[in-house]
Structures are given as C-alpha cells and as structure tokens.
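Colleague: Here is a sequence together with a model predicted from it:
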Amino acid sequence: MVYLVGAGPGDIELFTLKAVKVLQEADVVLYDALVNPEFTKFCKKECLKINVGKRKGKHLKNQEEINDLLVKYAKEKNIVVRLKGGTPFVFGRGYEEVKALKKIGVTPIIISGVSSTTSVPESFMIPSIDRSFSDSYRTITGHDIELFNEIVTNYHKRENLIIMMGAHKAKEIVNSLLKKGFPKTTPIAYLSKGTTKDQKCLIFTLEEVFKKDEDFFEELKSLTPIITFVGETIKAFEE
C-alpha cells in the first residue's frame, strides 16, 4: 500500500489520527522539507525515513526523482508513506505522484491533512470568511508573477486573497495589486511559520509595503515559509 498523507501546517498536534496510524505502520516515509521532523516519533524503529524536501533554490530531490523513489519503494516495501506539508492536493504536486504510481498499477490512498491555507491565518485570529468583512476567499500561488497577474484581475472588497509561496515575489505582488485597483489602505499580512513556536505576523497596508526598501523584502525571504493574506478580515485581528 502507498499512502499520500497530509502533515498539516507545522504543529505536530495537528496531524490527524489517521496520519499517525499510517506512520506507525510505515516501512518507508518520504517526507517534505516543511514537515515537522517530530513525525519520526510516530514511526517504528526500523522505518526508513527519506528527506525529499524542495525549497526555493534547494532541492534535495526534484519531482521526477521523487516519483521514481515512490515507484521503487512501492515495488519493494509493504507500506509506503509520502508525507507532505499541509494536505496532498493543495500546491503539493500530489497528483503528479498519483499518476506515476498508477502507471505501475498502484492506486495510492489519500489521507487529507489540515491545510495551511486556512489554519495558518486562523492561528493568528484572521478568519478566511467573516460576515462583517468578506464572503469569499481565493488561494493562489505567488511564485509565478505572470500567472498571478492572470488570476487576479481586479479588486473585490469582500474577497480575501491567500497567497502561497509568495515571499520571493512580495514586492511584485504588491505592485501588481495596486495597479489592479486595490486601494492603498487594503490590509496585507505576512504570516510566517504559522502554528509553530516560531510563528510571526507582520501587518501593513499595501501602501506601506510599497514604500518599503529592499532590506524589508530580504527579511521577508528569511522568514519563509510565509503565507501572504490580503483582505479586510485582517481587521478582525485588530479588534
């Protein structure tokens, strides 16, 4: 059996009971860079644990190599766990791994995790939806600014943007939002390492970030992983 398992946003206590049970039985675990390393306490002593983490500019394994490892161990081991940050199919390239396994006749079992897209803002008391401020939210990747520009076309006062992997494009993202008509007073929060003991929240307006110097943006990069939250419900945090 092969399992694609969500490890949640960082806090080890946000692992699901189902995830813990599968880890206790696993013969091999291939885990991501953002997975809390304490997961090993759930594993049996003889379990093989392989770090296949990918971070900006630092890939221990590329995606094709990860797929190959999954196929290899699916043939060799009884229980294989692919442990992914958050939940497998939200910016986790999980379905690429599913397709690689299906080519050899293996259909993995998916165990959803607590998604960082909502749990991290919640850890800072920022709701994704709040009837006083918003009716909807969108989760968007921020690492490709051209794609971001295609997706975010205009301003909706009662819609929040939850931008993943945007720390290295923070300046370009703010410039883009202002050009698309977002008011200068729109709140923006940078949520670093949410749900962990090192979590940090930085709140500004778009205009304030626009005026920041390069040192600020370099500091943001050092705080990754960061979720960028744009929207009026940030004001709920301030009340």
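Modeller: On my side now, so go ahead. Numbers count the residues shown, from 1 in each chain.
Colleague: Spell out which residues make up each domain of the protein.
Modeller: Per the record, the chain has its domains at 2-114, 117-238, by automatic domain parsing.
Colleague: Make a markdown table from those and add mean neighbour count and mean pLDDT to it.
Modeller: In this view, the C-beta of every residue, glycine as well, is placed from N, C-alpha and C. Listed next are these as a markdown table, based on neighbours: other Cβ atoms under 10 Å; pLDDT from 0 to 100:
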| stretch | mean neighbour count | mean pLDDT |
| --- | --- | --- |
| domain 2-114 | 18 | 93 |
| domain 117-238 | 17 | 95 |
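Colleague: what about the helices in this protein?
Modeller: With DSSP state H as the criterion, the chain has helices at 17-25, 63-76, 94-102, 116-123, 145-151, 170-179, 206-210, 214-222, 234-238.
Colleague: Just want the angle from the third one to helix 63-76.
Modeller: If I follow you right, that is helix 94-102. 40 degrees (axes from the mean of the first three to the mean of the last three Cα atoms, to 10 degrees).
Colleague: Helix 94-102 - contacts with which helices or strands?
Modeller: For helix 94-102, the packing partners by 3 or more Cβ pairs under 8 Å, 6 or more residues apart in numbering; DSSP states H and E come out as strand 2-6, helix 63-76, strand 80-84.
Colleague: Format these as JSON lines; extra columns: distance to residue 174.
Modeller: What follows is these, written out as JSON lines (distance: least, Cβ to Cβ, whole Å):
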{"stretch": "strand 2-6", "distance to residue 174": "30"}
{"stretch": "helix 63-76", "distance to residue 174": "30"}
{"stretch": "strand 80-84", "distance to residue 174": "29"}
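Colleague: wait, which of those is closest to residue 133?
Modeller: Ranking the helices and strands packed on helix 94-102 by proximity to residue 133 (Cβ to Cβ) places strand 2-6 first, at 28.2 Å.
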